[in-house]
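Q: predicted coordinates and the sequence they were generated for:
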Amino acid sequence: MTSVSEICAAAPMIPVIVIKRLEDAVPLAKALVEGGLPVLEITLRTPVALDAIRAIKDACPDAIVGAGTLRGAHDVEATMEAGSVFGVSPGSPAELIEAVKRANLPFLPGSATPTEAMELADQGFEVLKFFPAEAAGGVPMLKSMSSPLPDVKFCPTGGVSLDNARNYLALPNVVTVGGSWVAPDKLVEAGDFAAITKLAKEAVAALKG
Ligand SMILES: O=C(O)C(=O)C[C@H](O)[C@H](O)COP(=O)(O)O
């Protein structure tokens, strides 16, 4: 099993993906992988999300497919059954944390405060999703947390864009960022997957290294 740290090191950003039509799943995943972004977070926000994960697993061997918006134990079981190799959540409710530990699923729990960060790090989580990044204090908040908690690493997500991602990645406690900006609804709905590859390449060029 790949660790969360290895998954986060595999790309400078993790696209946060909302699949509304199942037929968009594979071309979208292929477009992002082709653009240099192999780590994909498929959110469980739509009815086709689990089928989308299955389809991408089958058709895109180079993608590292995870599930986002995990809310409870049932989500952990369902996403693993569908083939997700990691999970992400906007928060860290106790029932979800217990389920993730039982299942041994590589997991980025959501954290927006120092207390949550301390509790989750104590429980052995290597990287936390700092969510909602911009609304919860953004770069200054993470910078402040890096002084007392230098060992706690984050993937800021929520309001992160090409414009501010580099400021996050420059922080010593940020290992990668997450965002939906590389897979905007409009382009997916229009079937413009070439434009999505272009956005992915643009993100990689701006953020790598
Ligand atoms: O669905 C989840 O699991 C979430 O936690 C929320 C997403 O990560 C953010 O909605 C992405 O934020 P944007 O990049 O600003 O669109």
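A: Alright, I've got the coordinates.

Q: flag every residue of the protein that's near the ligand.
A: Within the chain, the positions lying close to the ligand (Cβ under 6 Å from any ligand atom) are 16, 43, 45, 68-69, 88, 90, 131, 157-160, 178-180. In this view, the C-beta of every residue, glycine as well, is placed from N, C-alpha and C.

Q: and those, which are buried?
A: 16, 43, 68-69, 88, 90, 131, 157-158, 160, 178-180 (16 or more other Cβ atoms under 10 Å).

Q: out of those, which is nearest to Pro114?
A: Phe131 (14.6 Å; Cβ to Cβ).

Q: so who does the closest one touch?
A: Shown in contact with Phe131 (Cβ atoms under 8 Å, 6 or more residues apart in numbering): Pro90, Gly91, Gly110, Ser111, Ala112, Pro156, Thr157, Gly158.

Q: Gly158 versus the third one, what's the distance?
A: Right, the one you point to is Gly110. 9 Å (Cβ to Cβ, to the nearest Å).

Q: just for this structure, where's the confidence low?
A: With pLDDT under 70 as the threshold, the chain has low-confidence stretches at 1, 209.

Q: so where do the strands sit in it?
A: Assigned by DSSP state E, the strands in the chain fall at 13-17, 39-43, 64-68, 86-88, 107-108, 110-111, 127-130, 153-156, 177-179.

Q: any chance of TSV for those strands, columns distance to Arg54?
A: Output for the strands of the chain, formatted as TSV (distance: least, Cβ to Cβ, whole Å):
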stretch	distance to Arg54
strand 13-17	14
strand 39-43	10
strand 64-68	9
strand 86-88	16
strand 107-108	20
strand 110-111	25
strand 127-130	24
strand 153-156	25
strand 177-179	22
